[in-house]
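*Asks:* here's my sequence, what's the structure:
(one chain, ligands or ions: 1)
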Amino acid sequence: MNYPKKLVETVEQKMQGHHLEGFLSGKGPKNAVLMLIGEAPGETEIKTSIPFSGRSGKKLDGWLAQAGLNREDLYITSAVRSRPFRIKQQRNKKTGLVETKYPNRTPNKAEVLAYAPLLDYEIQTIQPKILVPMGNIGLQRLLGNNFKISTYHGRLLHLPILTYSSETNQLTATSDTYTLFPIYHPAAVFYNQKLESTIEHDWSFLGSYLQNIDLS
Ligand code: URA
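*Replies:* Numbering: from 1, shown residues only. Sure, this is the predicted structure:
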């Protein structure tokens, strides 16, 4: 995706002083039926410039294949386009020396808000038939903080979404409705292995649903 320069410059200005690294554009065909919306790129994605190319991406590719979907059918993006990181001092067990590490972290609300105009632009440009927020960060970016992935995953929703308003510097609901199908973030299985079958089931449902609807 080529974002308007002005939009990117504004985000960069707002994010000065935040612990964020790099910039990864959303990727996928202009006529993609599904738009997958993750959280933020991680270390691997910033290196490869490919969304979901790390550990989470391998899980995602497996479920997509089982559901009869492949990456060429999808536009993949996330709520935040740079890698949020923490700064952590850690003793190296072998050498005994204290080292500084920069692990990935979840983006905060101010970061999600600052990047919101970029996601709005992607949704307007691609106009996917179905928005697929993966995990709470993507879901709450689109629908607000009252929506929890544990409640709404695997459900087709027809609702207004939140977009950035420069007048209020807040997210506000659109007047038109969008179709959404929230799914757990692929990394959820690394914390809770029991979610594997739930996520697999939700992706399979979405794959079958797409085969049975008229996409013209
Ligand atoms: N998590 C995301 O949300 N996006 C990626 O590209 C990788 C991990």
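*Asks:* need phi/psi at whichever residue of the chain sits closest to the ligand.
*Replies:* In the chain, the residue that lies nearest the ligand is Gly38 (2.4 Å; CB to the nearest ligand atom). Bear in mind the C-beta positions are built from the backbone N, C-alpha and C, glycine included. The phi/psi pair for Gly38 (degrees, to the nearest 10) reads phi -90, psi -150.
*Asks:* wait, isn't it in contact with Gly54?
*Replies:* No. In this structure Gly38 lies outside contact range of Gly54 using CB atoms under 8 Å: 11.2 Å.
*Asks:* between the two, point out the one with more neighbours.
*Replies:* Gly38 (27 against 20; other CB atoms under 10 Å).
*Asks:* ok, now which ones touch the residue nearest the centre of the chain?
*Replies:* With distances taken as CA atoms, centre = their mean, the residue of the chain nearest its centroid is Gly38 (1.4 Å). Neighbour list for Gly38: Pro51, Phe52, Ser56, Ile76, Thr77, Ser78, Ala79, Met134, Gly135, Ile137, Gly138, His185 [criterion: CB atoms under 8 Å, 6 or more residues apart in numbering].
*Asks:* need the CA coordinates for the host helix or strand of the fourth one. CSV is fine.
*Replies:* It stands for Ile76. Here Ile76 sits within strand 74-78, counting by DSSP states H and E. Extracted C-alpha coordinates of strand 74-78, given in CSV (Å, rounded to 0.1, in the frame of the first residue of the first chain):
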residue,chain,number,x,y,z
LEU,A,74,-6.2,-11.4,1.4
TYR,A,75,-5.0,-7.9,2.3
ILE,A,76,-3.1,-8.1,5.5
THR,A,77,-2.5,-5.1,7.8
SER,A,78,-2.5,-4.2,11.5
